[in-house]
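>>> Here you go, sequence then predicted model.
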Amino acid sequence: MTHRDGPSSGARKDGERGAEIVSLWQHQAKTEHSALSEMRSYWESLRAGRLVPLRSEIDPREISGALEFGFILERIQPGAVRFRLAGMHLCDLMGMEVRGMPLRSFISPTSRAAFSATLDRVFTKPQIQEHSMVSEDSRGAKLNARLLILPLKSDSGQVDRAIGCFTTDGIVGLAPRRFRVLETRVTNLLTGAETREDSTPERDTSAPQPVAGFAEPQEDFTPAPTQKAERPQLRLVVSNRDEMV
């Protein structure tokens with residue numbers, strides 16, 4: 001064989017059209033976005049005109065690109081929804097295995113009650129929900145996230161299961177990460193109506209705030225100077241009664 005100097009056939013020439021350079025972060029964002037699309041498209045194909053597909057119809061091999069971000073939920077009772085299965089990305093966000101944990105573990109404590117009430121509608125209406133969320137660490141670094149939840153029927157015929165995707169955009173950083181909901185997109189499966197719900201701002205309940213109004217301004221308290229106590233004097237009492245007898 002003769003050797004020829006110059007670029008190989010697989011190398012990209014300057015000015016060659018059609019080549020694309022994608023950064024690692026851009027690639028990750030595309031992967032996570034495609035995971036959401038893949039999960040919803042697969043769920044719609046299983047649904048096939050029905051209200052909700054069956055949990056037993058799920059085949060993980062059909063959603064291999066979304067498994068890292070995917071999960072399956074079980075509704076135990078109103079307000080109690082836990083993971084039955086979860087991908088590695090969710091474990092990375094929590095810093096531990098999340099199987100058996102409630103989904104609300106990922107939500108900021110002050111927002112959990114409202115989130116649980118909204119989540120219940122996935123099973124009772126039923127609804128599709130997509131939550132836009134954000135997590136901020138102690139240094140103020142933000143981690144944006146999207147949470148897609150799609151209802152399923154169990155073998156008993158009840159809508160008490162769900163499948164979904166949990167993707168993030170940014171560096172996970174120090175786990176566990178807690179998220180607050182910014183916006184929720186809702187699709188009512190009975191009517192097909194789509195709505196958006198803004199989340200109410202969180203209240204900081206760590207310390208009570210003073211209530212303005214009838215309260216009078218408080219004056220500074222200055223303690224009175226302490227006085228040195230006088231040392232008591234001893235008195236000698238002599239009785240001469242015996243000598244007078």
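Right, received. Where do you want to start?
>>> And the helices in the chain?
24-47, 88-94, 112-124, 241-244 (DSSP state H).
>>> In terms of mean pLDDT, which of those helices ranks lowest?
Among the helices of the chain, helix 241-244 has the lowest mean pLDDT, at a mean of 49.
>>> Quickly list what residue 197 is bridged to.
Taking DSSP bridges as the rule, residue 197 bridges to residue 184.
>>> ok, now how distant is the spatially closest residue to residue 82 that is not a sequence neighbour from residue 175?
Among residues not flanking residue 82 along the chain, residue 102 sits closest, at 5.0 Å (Cβ to Cβ, 6 or more residues apart in numbering). No exception for glycine: its C-beta is placed from N, CA and C like everyone else's. Residue 102 sits at a distance of 17 Å from residue 175 (criterion: Cβ to Cβ, to the nearest Å).
>>> who has more neighbours, the two?
residue 102 (18 against 11; other Cβ atoms under 10 Å).
>>> got the contact list for that one?
Neighbour list for residue 102: 80, 81, 82, 83 [criterion: Cβ atoms under 8 Å, 6 or more residues apart in numbering].
>>> Just the ones of the residues you listed in strands?
In strands, defined here by DSSP state E, the members of the contacts of residue 102 are 80, 81, 82, 83.
>>> Quick one: which of the residues you listed has the lowest pLDDT value?
Comparing the ones in strands among the contacts of residue 102 by pLDDT, residue 80 comes last, at 95.
>>> Leaving out sequence neighbours, find the closest residue to it.
residue 102 (6.7 Å).
>>> Report pLDDT for that neighbour.
Predicted confidence (pLDDT) for residue 102: 98.
>>> Let me know the distance separating it from residue 75.
On the measure of Cβ to Cβ, residue 102 and residue 75 end up 11 Å apart.
>>> Show me the common contact partners of the two, please.
Common neighbours of residue 102 and residue 75 (Cβ under 8 Å, 6+ apart) are residue 81.
>>> circling back: turn the helices of the chain into JSON lines, columns for mean neighbour count and distance to residue 152.
Below are the helices of the chain laid out as JSON lines (neighbours: other Cβ atoms under 10 Å; distance: least, Cβ to Cβ, whole Å):
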{"stretch": "helix 24-47", "mean neighbour count": "16", "distance to residue 152": "8"}
{"stretch": "helix 88-94", "mean neighbour count": "18", "distance to residue 152": "18"}
{"stretch": "helix 112-124", "mean neighbour count": "17", "distance to residue 152": "9"}
{"stretch": "helix 241-244", "mean neighbour count": "6", "distance to residue 152": "108"}
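>>> Switch these over to a markdown table, and while doing so, append distance to residue 189 to every line.
Putting the helices of the chain into a markdown table (distance: least, Cβ to Cβ, whole Å) gives the following:
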| stretch | distance to residue 189 |
| --- | --- |
| helix 24-47 | 9 |
| helix 88-94 | 25 |
| helix 112-124 | 10 |
| helix 241-244 | 111 |
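>>> where does the chain dip in pLDDT?
1-33, 200-245 (pLDDT under 70).
>>> Swap in 90 and give it another go.
1-34, 49, 137-141, 170-171, 173-174, 198-245 (pLDDT under 90).
>>> need the strands for it, in chain order.
Using DSSP E, strands in the chain cover 70-77, 80-86, 127-136, 142-152, 161-169, 180-188, 194-198.
>>> which residues touch residue 42?
62, 63, 66.
>>> ok, 7 Å please
With contact taken as Cβ atoms under 7 Å, 6 or more residues apart in numbering, residue 42 is in contact with 62, 63.
>>> ok so, going back, adding distance to residue 124 and neighbour count, write the ones in strands among the contacts of residue 102 out as JSON lines.
Formatted as JSON lines, the ones in strands among the contacts of residue 102 follow (distance: Cβ to Cβ, whole Å; neighbours: other Cβ atoms under 10 Å):
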{"residue": "80", "distance to residue 124": "13", "neighbour count": "13"}
{"residue": "81", "distance to residue 124": "12", "neighbour count": "22"}
{"residue": "82", "distance to residue 124": "17", "neighbour count": "16"}
{"residue": "83", "distance to residue 124": "20", "neighbour count": "21"}
